[in-house]
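Asker: The sequence and its predicted three-dimensional model are supplied below.
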Amino acid sequence: MRFMEPKIDQLRVSKVLSIIENDTEEARRIIDELPQRDYFVIGVTGSPGAGKSSLTDRLACMSADEKSTAVVAIDPSSPFTGGAFLGDRIRMRRATDDPEIFVRSMASRGNVGGLSPSIYNTVELLGRSGYERIYVETVGAGQSETDIVNLADIVILVLAPGLGDDVQTMKAGIMEIGDIFVVNKSDLPGSDQLFSRTRAILELSGKQLPVVRTNSIKGNGIEELHKKIGAILEDHVDSGRLSEKRRKRNLYNNLNSAYQIIKEHYAENAKLEELIKYLLENIGRESK
Amino acid sequence: MKIKVLVAKPGLDGHDRGAKVVAMALRDAGMEVIYTGLRQSPESIVKAALQEDVDVVGLSILSGAHMKICSKVLQLMKDSGIGNKPIFVGGIIPAEDAEELRRAGIFEVFGPGTSLKSIAEKIEETVKK
Ligand code: B12
Ligand SMILES: Nc1nc2c(ncn2[C@@H]2O[C@H](COP(=O)(O)OP(=O)(O)OP(=O)(O)O)[C@@H](O)[C@H]2O)c(=O)[nH]1
Ligand SMILES: [Mg+2]
């Protein structure tokens, strides 16, 4: 039964994650009992179908050679029924077959920022359980799904030709949150143009951010991307930006948890909910 | 609390219409459905059930290999320590096989033409119990 005996007790982690997803108060209690640990959160965002899952699959397997790795993939809940179709595992064959990599799907459960209500505590639990690299795939992002920037140590923005990822997205808020830009589906027509357009636009906005071309089906460019991620994270450690990110993540986690607890237990208190929501939206929103 | 269901297609069976239709119906009934796609080994199915902490495991099998697949999945579920999660099987399953599967520990078996509503209701009823 080798396949069920990973280094980290996945059964335990999995059961605790369900508690975290449904009871924020209990979540905080459980997390507080575990020792703090260092971990990196790598956010993967971009338009629906850009290749976030396929890319995350490749990157996670690369990380797993050196570090304990987990993946959280978020898909939207239906606003009408509350149900969700979580299909990211389909494109994560390698990671889901790797006995050490922990892959969890999550529904957005009414969250509008591209994440799920319990994502902060989820990530914190994974970190404290021993996962050192945690990939978070957001729901297919348009313009307003930018919460990942508050959660992740580094944000990878995935673009692909033929998805209207061109001029349209370039203008939108989502372009502002990437630390690395990926032009995926390098095998498809339009990829060259998208690549040069992306570089031109970044240049215009005065940002010297890396743009990497990948083919996440065949694997081209993934190693380069993985190296760049590592280099940027190292840079962040040296410059102190990482500890700043963590401070911010903790802050968001605390506020978000407070908001969730109010929603779970005192939903009728609309004023209180409003206040927390306001704080959540405005705190830490200092100009860059 | 949301009901979480895994819908998986084991083996080389390429008939995925039923699995998809059922997955969508369960989503529309308000459940969170994890769909794994085609060609899953019993190992990867049980691993998914474990990592996703689902309430129900659903298998869709139209290839005729249901006896072998189900007994392997049942065995691995036991070995993995997940515990007694109800397993629902759908597809082309002859009546006498369905009976044997139930005896072996499969919770329920559904054939062609089963109404999607009754599948959702049965799952809900089972989990709420
Ligand atoms: C459509 C079809 C195909 C399509 C599949 C398209 C696709 N992407 O799904 C194509 C043309 C590709 C195909 C190919 C083949 N097929 Co074909 N196919 C069918 C057919 C006509 C209908 C299946 C279908 O989609 N039904 C509609 C869905 C909604 O129904 P369902 O899957 O049964 O699902 C219902 C229930 O079973 C249940 N259910 C199903 N899954 C699940 C899961 C859970 C969790 C739950 C709770 C319930 C549940 O709920 C659903 C709703 O009621 C059947 C005959 C039949 N009448 O069933 C043959 C059939 C399944 N095929 C058969 C065969 C042999 C083949 C082929 C090997 C070659 C051939 N001779 O045609 C290939 C193999 C393909 C492969 N790679 O595996 C045989 C299987 C024989 C067996 N098992 O003993 C059948 C039974 C035909 C026959 N009478 O011979 N096929
Ligand atoms: N040609 C080509 N297709 C790709 C590439 N990467 C992914 N795809 C395909 O693009 C489709 C979407 O891939 P996913 O990885 O599921 O994309 P995603 O961004 O996770 O999608 P959502 O989670 O639904 O938003 C799939 O059919 C993939 O096979 C690539 O490099 N080249
Ligand atoms: Mg995806």
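Answerer: Cool, got the structure. Numbers count the residues shown, from 1 in each chain, chains lettered A, B, ... in the order given. Ligands and ions are numbered 1, 2, ... in the order given.

Asker: residues from chain B in reach of chain A?
Answerer: Applying CB under 8 Å from any CB of the partner chain, we find that chain B lies next to chain A at B:1-2, B:23-24, B:26-37, B:43-44, B:46-48, B:50-53, B:76, B:79-82. C-beta here means a position set from N, CA and C on the backbone, and glycine is covered the same way.

Asker: again, only using 7 Å
Answerer: B:1, B:23-24, B:27-37, B:43-44, B:47-48, B:50-53, B:79-82 (CB under 7 Å from any CB of the partner chain).

Asker: Helices - which of those land there?
Answerer: Residues of these located in helices (DSSP state H): B:23-24, B:27-28, B:43-44, B:47-48, B:50-52, B:79-80.

Asker: Where do the helices of the chain begin and end?
Answerer: This is for chain A. Under DSSP H, chain A gives helices at A:10-22, A:24-33, A:52-64, A:93-97, A:119-128, A:148-151, A:167-171, A:191-204, A:222-239, A:241-265, A:270-282.

Asker: wait, I meant chain B there
Answerer: Under DSSP H, chain B gives helices at B:17-28, B:42-52, B:66-80, B:95-104, B:116-128.

Asker: Out of those, which is closest to ligand 1?
Answerer: Closest approach to ligand 1 among the helices of chain B (CB to the nearest ligand atom): helix B:17-28, 2.1 Å.

Asker: how far off helix B:116-128 does the closest one point, in degrees?
Answerer: Between helix B:17-28 and helix B:116-128, the angle comes out at 60 degrees (axes from the mean of the first three to the mean of the last three CA atoms, to 10 degrees).

Asker: and helix B:17-28, anywhere near ligand 1?
Answerer: Yes. Helix B:17-28 lies within reach of ligand 1 by CB under 6 Å from any ligand atom, at B:17, B:18, B:19, B:21, B:22.

Asker: Flag every buried residue along that helix.
Answerer: B:18, B:19, B:20, B:22, B:23, B:24, B:25, B:26, B:27, B:28 (16 or more other CB atoms under 10 Å in any protein chain shown).

Asker: returning to that earlier point: out of the residues of helix B:17-28 next to ligand 1, what pair is the most spread apart?
Answerer: Maximum pairwise distance in these, criterion CB to CB, is 9.6 Å, between B:17 and B:22.

Asker: Identify the residue nearest the geometric centre of chain B.
Answerer: Residue closest to the mean C-alpha point of chain B, counted by CA atoms, centre = their mean, is residue B:58 at 1.4 Å.

Asker: Quick check: that residue vs residue A:242, distance?
Answerer: Separation of residue B:58 from residue A:242 (CB to CB, to the nearest Å) stands at 42 Å.

Asker: and residue A:32, how many neighbours?
Answerer: If you count neighbours by other CB atoms under 10 Å in any protein chain shown, residue A:32 ends up with 10.

Asker: Tell me the pLDDT of residue A:241.
Answerer: Here the pLDDT value assigned to residue A:241 is 88.
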